[in-house]
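**Q** predicted coordinates and the sequence they were generated for:
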Amino acid sequence: MGYAENIRLLFIVITMIVIGTVSIVRVGTIDLHAILTTAAILVPAIVVMGYLGQKIGEIVDNPKNRADADYKIAVLNALKKMDKSITLQELNEKLTKQVAEPDLPEPPEDDIDV
């Protein structure tokens, strides 16, 4: 179980506490009318906040760093299929070198006709 379910439950509980408390305080009494009014407000809020918590949890569970690692492994596998012998460490060194020192295009020479 990752963070998605835990964050979703956290969002739902906070929503129930905040909206439930505000609704009951606004009505002023605890009776059938207050409970039905609170439920009518709470149900859509729980659905929306639960969905939002689920999406945030999925983002936390699958960060971009894992996607980068998967990309490097895919590149390494493609190079191996092309019969290129390269290790993951060499690939990392080449990729970090290119990121640190990108190939800049040559500046154009100014040809001034006089």
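**A** Now that the structure is in, tell me what you want to look at. None of the values given here were measured: they were computed from a predicted structure.
**Q** for the rest of this, base every contact and every neighbour count on C-alpha atoms.
**A** Fine.
**Q** tell me where the model's unsure across the protein.
**A** 1, 63-72, 76, 82-84, 86-88, 91, 95, 97-114 (pLDDT under 70).
**Q** so how far is Ile41 from Ile14?
**A** Relative to Ile41, Ile14 is positioned 14 Å away (C-alpha to C-alpha, to the nearest Å).
**Q** if you could redo that for Gly57, that was the one I meant.
**A** On the measure of C-alpha to C-alpha, Gly57 and Ile41 end up 24 Å apart.
**Q** of those two, which one has the most company?
**A** Set side by side, Gly57 and Ile41 give different neighbour counts by other C-alpha atoms under 10 Å, the larger being at Gly57 (18 against 14).
**Q** now for that one: which residues touch it?
**A** Residues in contact with Gly57 (C-alpha atoms under 8 Å, 6 or more residues apart in numbering) are Gly2, Tyr3, Ala4, Glu5, Asn6, Ile7, Arg8.
**Q** redo that, cut-off 7 Å
**A** Listed by C-alpha atoms under 7 Å, 6 or more residues apart in numbering, the contact partners of Gly57 are Tyr3, Ala4, Glu5, Ile7.
**Q** show me where the protein has helices.
**A** In the chain, the helices defined using DSSP state H lie at 3-27, 32-61, 64-81, 88-100.
**Q** great, nothing more from me.
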